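*Asks:* Sequence plus predicted model, see below.
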Amino acid sequence: GTVYSASDIAVDVWSGEDGSHLHRIAGHTDNVACLAVGTDGTLYSGSHDETIRVWKPGWDGSRLIRTLDGHTDVVESLALSGNGKMYSASDDMTIRVWSTVDDSHLGTLEGHTDAVHVVAVAVDDTVYSGSRDFTVRTWSGLDGTPIRTLQLYAAVMTIVIGAGSTVLIGDGNNRVSAWNGG
(Lines give C-alpha, C1' and ligand atoms only; values in the text may rest on other atoms or scores of the structure.)
Protein backbone atom coordinates (compact mmCIF):
# COMPACT_ATOMS: atom_id res chain seq x y z
CA GLY A 1 0.00 0.00 0.00
CA THR A 2 0.84 3.66 -0.10
CA VAL A 3 0.83 6.30 2.63
CA TYR A 4 0.43 10.03 1.90
CA SER A 5 1.40 12.94 4.14
CA ALA A 6 1.08 16.68 3.71
CA SER A 7 4.37 18.52 4.02
CA ASP A 8 4.24 22.28 3.57
CA ILE A 9 3.22 22.94 -0.06
CA ALA A 10 3.68 19.34 -1.19
CA VAL A 11 2.45 15.80 -0.56
CA ASP A 12 4.95 13.09 0.30
CA VAL A 13 4.33 9.53 -0.87
CA TRP A 14 5.65 6.65 1.27
CA SER A 15 5.78 2.90 0.90
CA GLY A 16 3.32 1.20 3.24
CA GLU A 17 5.50 -1.91 3.25
CA ASP A 18 8.88 -0.56 4.35
CA GLY A 19 8.25 3.14 5.10
CA SER A 20 10.63 4.38 2.42
CA HIS A 21 9.99 7.74 0.76
CA LEU A 22 8.84 7.12 -2.82
CA HIS A 23 8.40 10.63 -4.18
CA ARG A 24 7.05 14.12 -3.57
CA ILE A 25 4.03 15.64 -5.31
CA ALA A 26 4.35 19.38 -5.84
CA GLY A 27 1.78 21.75 -7.30
CA HIS A 28 0.14 23.79 -4.56
CA THR A 29 1.33 27.35 -3.93
CA ASP A 30 0.57 27.31 -0.19
CA ASN A 31 0.42 24.73 2.62
CA VAL A 32 -1.54 21.51 2.06
CA ALA A 33 -4.21 21.21 4.77
CA CYS A 34 -6.02 17.96 3.92
CA LEU A 35 -5.91 14.79 1.83
CA ALA A 36 -8.40 12.18 0.64
CA VAL A 37 -7.89 9.04 -1.44
CA GLY A 38 -10.60 7.54 -3.65
CA THR A 39 -11.24 3.83 -4.02
CA ASP A 40 -9.61 3.99 -7.48
CA GLY A 41 -6.44 5.48 -5.97
CA THR A 42 -7.14 9.06 -7.07
CA LEU A 43 -5.56 11.48 -4.59
CA TYR A 44 -7.22 14.78 -3.64
CA SER A 45 -5.31 17.52 -1.81
CA GLY A 46 -6.83 20.68 -0.32
CA SER A 47 -4.72 23.71 0.46
CA HIS A 48 -4.33 27.16 1.93
CA ASP A 49 -4.07 28.29 -1.71
CA GLU A 50 -7.91 27.84 -1.84
CA THR A 51 -7.74 24.99 -4.36
CA ILE A 52 -8.17 21.24 -4.51
CA ARG A 53 -5.75 19.31 -6.70
CA VAL A 54 -6.71 15.97 -8.24
CA TRP A 55 -3.79 13.58 -8.77
CA LYS A 56 -3.47 10.21 -10.49
CA PRO A 57 -0.69 8.32 -8.68
CA GLY A 58 1.59 6.06 -10.69
CA TRP A 59 4.65 3.94 -10.11
CA ASP A 60 6.87 6.71 -11.51
CA GLY A 61 5.24 9.63 -9.69
CA SER A 62 1.88 11.36 -9.63
CA ARG A 63 0.29 13.30 -12.44
CA LEU A 64 -1.90 16.37 -11.89
CA ILE A 65 -5.28 15.70 -13.48
CA ARG A 66 -7.15 18.87 -12.55
CA THR A 67 -7.29 21.84 -10.22
CA LEU A 68 -10.68 22.52 -8.63
CA ASP A 69 -11.31 26.21 -7.97
CA GLY A 70 -14.21 27.90 -6.23
CA HIS A 71 -13.37 28.32 -2.56
CA THR A 72 -12.31 31.80 -1.49
CA ASP A 73 -10.35 30.75 1.60
CA VAL A 74 -8.39 27.78 2.99
CA VAL A 75 -9.68 24.30 2.11
CA GLU A 76 -9.65 22.64 5.56
CA SER A 77 -11.17 19.20 5.01
CA LEU A 78 -12.15 16.73 2.27
CA ALA A 79 -14.56 13.80 2.48
CA LEU A 80 -15.50 11.21 -0.14
CA SER A 81 -18.90 9.57 -0.28
CA GLY A 82 -19.94 6.23 -1.67
CA ASN A 83 -22.21 7.90 -4.22
CA GLY A 84 -19.58 9.55 -6.43
CA LYS A 85 -19.26 12.84 -4.56
CA MET A 86 -16.51 14.67 -2.75
CA TYR A 87 -17.17 17.38 -0.16
CA SER A 88 -14.72 20.17 0.63
CA ALA A 89 -14.98 22.31 3.77
CA SER A 90 -13.45 25.77 3.80
CA ASP A 91 -12.75 28.80 5.93
CA ASP A 92 -15.03 30.64 3.45
CA MET A 93 -17.95 29.18 5.51
CA THR A 94 -19.09 26.77 2.75
CA ILE A 95 -18.99 23.11 1.83
CA ARG A 96 -18.64 22.58 -1.89
CA VAL A 97 -19.87 19.39 -3.56
CA TRP A 98 -17.90 17.86 -6.45
CA SER A 99 -18.40 14.89 -8.75
CA THR A 100 -15.62 12.30 -8.42
CA VAL A 101 -16.55 11.05 -11.89
CA ASP A 102 -15.73 14.21 -13.87
CA ASP A 103 -14.58 16.63 -11.09
CA SER A 104 -17.44 19.04 -11.87
CA HIS A 105 -18.88 21.35 -9.21
CA LEU A 106 -22.34 20.07 -8.21
CA GLY A 107 -23.35 22.66 -5.63
CA THR A 108 -22.53 24.53 -2.46
CA LEU A 109 -23.87 23.87 1.04
CA GLU A 110 -24.32 27.13 2.94
CA GLY A 111 -25.50 27.90 6.46
CA HIS A 112 -22.43 28.13 8.68
CA THR A 113 -21.55 31.61 9.94
CA ASP A 114 -17.81 31.01 10.43
CA ALA A 115 -15.02 28.83 9.02
CA VAL A 116 -15.93 25.19 8.37
CA HIS A 117 -13.12 23.06 9.83
CA VAL A 118 -14.32 19.57 8.99
CA VAL A 119 -16.66 17.60 6.78
CA ALA A 120 -17.46 13.87 7.08
CA VAL A 121 -19.83 11.51 5.29
CA ALA A 122 -21.69 8.60 6.89
CA VAL A 123 -22.37 5.30 5.14
CA ASP A 124 -25.94 6.42 4.48
CA ASP A 125 -24.47 9.50 2.69
CA THR A 126 -25.54 11.94 5.40
CA VAL A 127 -23.02 14.80 5.38
CA TYR A 128 -21.76 16.28 8.68
CA SER A 129 -19.98 19.64 8.81
CA GLY A 130 -18.34 21.24 11.84
CA SER A 131 -17.52 24.91 12.18
CA ARG A 132 -15.91 27.62 14.23
CA ASP A 133 -19.51 28.89 14.66
CA PHE A 134 -19.92 26.17 17.36
CA THR A 135 -22.30 24.05 15.25
CA VAL A 136 -22.44 20.68 13.56
CA ARG A 137 -24.82 20.70 10.63
CA THR A 138 -26.18 17.67 8.84
CA TRP A 139 -27.14 17.63 5.18
CA SER A 140 -28.75 15.16 2.81
CA GLY A 141 -26.07 13.58 0.64
CA LEU A 142 -28.68 13.14 -2.08
CA ASP A 143 -29.71 16.75 -2.64
CA GLY A 144 -27.85 18.89 -0.07
CA THR A 145 -30.97 19.74 1.92
CA PRO A 146 -30.17 20.80 5.51
CA ILE A 147 -31.38 18.21 8.03
CA ARG A 148 -30.51 19.59 11.48
CA THR A 149 -28.12 21.76 13.44
CA LEU A 150 -26.46 20.77 16.71
CA GLN A 151 -25.31 23.74 18.84
CA LEU A 152 -22.12 23.18 20.85
CA TYR A 153 -20.11 25.32 23.31
CA ALA A 154 -16.88 25.60 21.31
CA ALA A 155 -15.55 25.50 17.76
CA VAL A 156 -15.87 22.08 16.14
CA MET A 157 -12.43 20.76 15.21
CA THR A 158 -13.09 17.17 14.13
CA ILE A 159 -15.92 14.74 13.37
CA VAL A 160 -15.60 10.95 13.25
CA ILE A 161 -18.43 8.74 12.08
CA GLY A 162 -18.54 5.70 14.34
CA ALA A 163 -20.40 2.42 14.26
CA GLY A 164 -24.12 2.59 13.60
CA SER A 165 -25.20 6.20 13.78
CA THR A 166 -22.75 7.38 16.46
CA VAL A 167 -20.94 10.61 15.62
CA LEU A 168 -17.91 11.69 17.66
CA ILE A 169 -17.29 15.45 17.78
CA GLY A 170 -14.04 17.00 18.99
CA ASP A 171 -14.19 20.68 19.95
CA GLY A 172 -11.85 23.55 20.68
CA ASN A 173 -12.21 23.03 24.44
CA ASN A 174 -10.50 19.62 24.15
CA ARG A 175 -13.77 17.74 24.64
CA VAL A 176 -15.15 14.83 22.67
CA SER A 177 -18.91 14.44 22.51
CA ALA A 178 -20.86 11.46 21.24
CA TRP A 179 -24.04 12.16 19.31
CA ASN A 180 -26.58 9.73 17.92
CA GLY A 181 -26.74 11.11 14.38
CA GLY A 182 -29.62 8.87 13.30
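*Replies:* Structure received. Computed from a prediction, not measured in an experiment: that's the story for all the values here.
*Asks:* Just give me the residue right at the centre of the protein.
*Replies:* Computing the C-alpha centroid of the chain and ranking residues by C-alpha atoms, centre = their mean puts Leu78 first, at 1.1 Å.
*Asks:* how much space between Thr29 and Pro57?
*Replies:* Noted for Thr29: a distance of 21 Å to Pro57, by C-beta to C-beta, to the nearest Å. C-betas here are computed from N, CA, C, even on glycine.
*Asks:* and if you look at Asp12?
*Replies:* In this view, Asp12 and Pro57 are 12 Å apart by C-beta to C-beta.
*Asks:* out of Thr29 and Pro57, which sits in the busier spot?
*Replies:* Between Thr29 and Pro57, counted using other C-beta atoms under 10 Å, Pro57 has the larger neighbour count: 19 against 11.
*Asks:* Quick check: phi and psi at the more buried one.
*Replies:* Torsion angles at Pro57 (phi, psi; degrees, to the nearest 10) stand at phi -70, psi 150.
*Asks:* Report the beta-bridge partners for it.
*Replies:* Ser62 (DSSP bridges).
*Asks:* what's the spacing between it and Ser15?
*Replies:* 12 Å.
*Asks:* For the two, list the residues in contact with both.
*Replies:* Thr2 (C-beta atoms under 8 Å, 6 or more residues apart in numbering).
*Asks:* Run a quick neighbour tally on the closest residue to Asn31 other than its chain neighbours.
*Replies:* Nearest non-adjacent residue to Asn31, counting by C-beta to C-beta, 6 or more residues apart in numbering: His48, 4.6 Å away. By other C-beta under 10 Å, the residues close to His48 number 17.
*Asks:* Next up, the contacts around His48.
*Replies:* Contact analysis of His48 by C-beta under 8 Å, 6+ apart lists His28, Asp30, Asn31, Val32, Ala33, Val74, Val75.
*Asks:* List the buried residues in the helix or strand encompassing Val160.
*Replies:* Applying DSSP states H and E as the criterion places Val160 in strand 156-161. Residues of strand 156-161 classed as buried: Val156, Met157, Ile159, Ile161 (neighbour count, 16 or more other C-beta atoms under 10 Å).
*Asks:* The third one and Tyr128 touch, don't they?
*Replies:* Going back to what we said before, that points to Ile159. Yes - between Ile159 and Tyr128 there is a contact under C-beta atoms under 8 Å: 5.0 Å.
*Asks:* can you list residues touching both of the two?
*Replies:* Val119, Ala120, Val136, Val167.
*Asks:* out of the contacts of His48, who has the most neighbours?
*Replies:* Result: Val75 is most packed of the contacts of His48 (other C-beta under 10 Å), 29 neighbours.
*Asks:* Neighbours of the residue nearest to it when sequence neighbours are not counted, how many?
*Replies:* Nearest non-adjacent residue to Val75, counting by C-beta to C-beta, 6+ apart: Gly46, 3.2 Å away. Look at Gly46: counted by other C-beta under 10 Å, it has 27 neighbours.
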